[in-house]
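**Student:** Provided below are the primary sequence and the corresponding predicted coordinates.
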Amino acid sequence: MDRKSHLIDFIKNEIMHNSRANLDPDTDLLGAGILDSIGILQLVAFIEKMFKISVPDEDVVYDNFMSINTLVDYLRQY
Amino acid sequence: MIRRLLFLNGIAILGVVLFHSSGMGFVAMFAWASRYLPPGASIMDQVGSLSYYGLRMVEQIAIVSIPAFLFVSGNFVAVSAGRDATMLSRKLIYSRIQNLLIPYFLWSVVVIALNMITGSKFSEISVLIMLLTGGANEIFYFVPLLVQFYLLSPLLIRIARANPLGLLIVCGVIQTFLQLLPYHVLFDTQLVFVGAVYKLIPKWLFISRIFWFPLGMVAGLHSPAIKQTLVRLRNWAIAAAIILVPLGILEWETLFRRSGEIWLAHRETVTDNLYSLAVLISLLALRRIPANITEPFESLGAKSYGIFLTHGIFIEYTAKVIYHAAPALLGYQIALQPVFVFIGLAGPLAIITLIDHSVLRKAYSYLYG
């Protein structure tokens, strides 16, 4: 499974609690209320554990976490 | 630091459960003492007992929970504002508020309904006031409080970016001033109105806890500089946190005994604020914490809102069952507290897990955010 699929899977199951949810990779995760204060922390923890990446605090910003596609683009540097 | 926030959230929700278990312990100690004390025994003799100070110690240690939650939420707003943006999207704010309010209203109605089933009567106006101010039970005030901060966050984020230190100083001064108002009782004045002061500045009003949310915001916006400061202050913060626990107990007991009130439900004091700040710095600045310690708390932290909304129901009704079925247990806090804490955590977690693995899974966000 590629990173995008892992991220979509995680967000659907652990954040949205709905594995059948329709999650467009360009959906604004924060604006749509999918990621809240806890959700974003869970997502960072998942990324660090699953992809063995240490995400700098200053990179945990809307610009990088806006959507699945934005996040995948950000993670390409690792 | 970001990764540490989920751990902090887990610590905070455990603190909330401990705090409310202690609160129920005080109910058992005083309001329900007639169920187990011999006739003629003085209820107020229990003030100053070992059990009394045990419960106060737990409350004192756990007082950091609400500041921690507010700090994490403020940090989230900083994340949501983006790297260069000074504007927060209204859509984001409203969706966040909606996600908070739907479960809050739902569980408030459950609590009110349970109270009505067990004999309480409420007018429509009082129900409306309860829903607006978190009055369905003593802990729900946090939700209207947090909603106010989200509504203020577009303004706060601009100030936090332009003048973070100024913002924190002003908020710190306002919060400290309001918390110093009851201290006149220490100076033997005739102005004995501590209870009235607390009524004028209700817990759900943002100004009563104005420091913590902006602090989280500033920490999120200026993370590299903040991290360096945290590391420098770490050892001092740990020492301060340890020293401030007994000092906080002493401070509150002095205020209580000089207030002239028969009972004073705990409110944060200046010492409590210093303690909370010391704990936040300590936890955020600690070097690597082993995963086998952080992961259980992170798991709790992920479910913190659901636990927050429902643990009070479990603790209260467990206490009521004990009141009727085994009243002698009410006199033994050493046995009572573990029961309350266990039920206060296990009950909500069991229901959350059940719902997450059932056909009701789609309703999860409406129930638990």
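**Tutor:** Structure received. What you see is a predicted model; the values in this text were computed from it and never measured.

**Student:** just the CA atoms of the helix or strand hosting B:Leu280, as CSV, please.
**Tutor:** According to DSSP states H and E, B:Leu280 maps onto helix B:270-285. Written as CSV, here are the backbone C-alpha positions of helix B:270-285 (Å, rounded to 0.1, in the frame of the first residue of the first chain):
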residue,chain,number,x,y,z
VAL,B,270,-2.7,32.0,41.5
THR,B,271,-0.6,29.2,42.9
ASP,B,272,-2.6,26.7,40.9
ASN,B,273,-1.8,28.7,37.7
LEU,B,274,1.9,28.7,38.5
TYR,B,275,1.7,24.9,39.2
SER,B,276,-0.1,24.3,35.9
LEU,B,277,2.5,26.3,34.0
ALA,B,278,5.3,24.4,35.7
VAL,B,279,3.6,21.0,34.8
LEU,B,280,3.1,22.1,31.2
ILE,B,281,6.7,23.2,30.8
SER,B,282,7.9,20.0,32.5
LEU,B,283,5.9,17.6,30.3
LEU,B,284,6.6,19.4,27.1
ALA,B,285,10.3,19.7,27.8
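
**Student:** what's the angle from whichever strand or helix holds B:Leu70 to helix B:270-285?
**Tutor:** Of the helices and strands defined by DSSP H and E, B:Leu70 is found in helix B:65-81. Between the axes of helix B:65-81 and helix B:270-285, defined by axes from the mean of the first three to the mean of the last three CA atoms, to 10 degrees, the angle is 50 degrees.

**Student:** check which helices and strands the helix holding B:Leu280 sits against.
**Tutor:** In terms of contacts (3 or more CB pairs under 8 Å, 6 or more residues apart in numbering or on different chains; DSSP states H and E), helix B:270-285 is packed against helix B:2-26, helix B:65-81, helix B:164-180, helix B:212-221, helix B:223-259. (Glycine included, C-beta is placed from N, CA and C.)

**Student:** how about the residues of chain A near chain B?
**Tutor:** Proximity of chain A to chain B, by CB under 8 Å from any CB of the partner chain, involves residues A:14, A:16-18, A:30-33, A:36-38, A:40-42, A:44-45, A:48, A:55, A:57-58, A:60-63, A:65.

**Student:** these in helices, which ones?
**Tutor:** For the residues of chain A next to chain B, membership in helices holds for A:37-38, A:40-42, A:44-45, A:48, A:62-63, A:65, with DSSP state H as the criterion.

**Student:** can you select the buried ones from those in PyMOL?
**Tutor:** To isolate the buried ones among these in PyMOL, judged by 16 or more other CB atoms under 10 Å in any protein chain shown, type:
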select buried, chain A and resi 37+38+40+41+42+44+45+62+65
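
**Student:** and which of the ones in helices among the residues of chain A next to chain B is nearest B:Leu70?
**Tutor:** Minimum separation from B:Leu70 among these (CB to CB) is found for A:Ser37, which lies at 10.4 Å.

**Student:** now the lowest-mean-pLDDT helix or strand in chain A - C-alpha only, PDB.
**Tutor:** The weakest-scoring helix or strand in chain A, judged by mean pLDDT, DSSP states H and E, is helix A:62-65 (a mean of 91). In PDB, the C-alpha atoms belonging to helix A:62-65 read as follows (Å, rounded to 0.1, in the frame of the first residue of the first chain):
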ATOM      1  CA  TYR A  62      -2.400  23.900   7.700                       C
ATOM      2  CA  ASP A  63      -0.300  24.400   4.500                       C
ATOM      3  CA  ASN A  64       1.000  20.800   4.800                       C
ATOM      4  CA  PHE A  65      -2.000  19.100   6.400                       C
END
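
**Student:** helix or strand right after that helix?
**Tutor:** Sequence order places helix A:68-75 as the next helix or strand after helix A:62-65, per DSSP H and E.

**Student:** in the helix holding B:Leu280, what counts as buried?
**Tutor:** Residues B:271-285 are the ones in helix B:270-285 that count as buried (16+ other CB under 10 Å).

**Student:** closest one of those residues to B:Arg83?
**Tutor:** Closest approach between the buried residues of helix B:270-285 and B:Arg83, by CB to CB: B:Leu284, at 21.3 Å.

**Student:** next to chain A, which bits of the stretch 151-300 of chain B? Give me the list.
**Tutor:** Taking CB under 8 Å from any CB as the test, the list of the stretch 151-300 of chain B residues beside chain A reads B:223-224, B:227, B:298.

**Student:** great, nothing more from me.
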